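Participant: Structure here, sequence nowhere to be found:
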């Protein structure tokens, strides 16, 4: 089945030194996230990342969330500087 975009994309989502979560639209079950500005650390299982714990993603990295559960449980925190995320949601 082909994926289709879901309205409610989040652009320039600021990532700070506190944990940031996504606002996942009801119909979304996948997400594609582009890292901009600076590096972030993230988790997909609802555990809180820190600047030194989690998966690091750098500028221009793309993070793929492949289920609604991953989208809802995604948490991120900045590692350096002023990180932002562009998030597009999809249904399949």
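Facilitator: Thanks, I have the structure now. These numbers were taken from a predicted model, which means no experiment stands behind them.
Participant: and the lengthiest strand in the chain, which residues are buried?
Facilitator: The longest strand of the chain (DSSP state E) is strand 4-15. Of the residues in strand 4-15, 6, 9-10, 13, 15 count as buried by neighbour count, 16 or more other Cβ atoms under 10 Å. The C-beta positions use only the backbone N, C-alpha and C, and glycine is treated the same way.
Participant: pLDDT below threshold where in this structure?
Facilitator: Applying pLDDT under 70 to the chain picks out residues 1.
Participant: how about a cut-off of 90?
Facilitator: For the chain, the stretches flagged by pLDDT under 90 are 1-3, 51, 80, 92.
Participant: about what we covered before: elements contacting the longest strand of the chain?
Facilitator: Under the contact criterion of 3 or more Cβ pairs under 8 Å, 6 or more residues apart in numbering; DSSP states H and E, strand 4-15 touches strand 75-78, strand 83-91.
Participant: Quick one: neighbours of the closest residue to residue 51 other than its chain neighbours, just the number.
Facilitator: Residue nearest to residue 51 in three dimensions, not counting chain neighbours: residue 79, with 4.9 Å by Cβ to Cβ, 6 or more residues apart in numbering. Residue 79 is flanked by 21 other residues according to other Cβ atoms under 10 Å.
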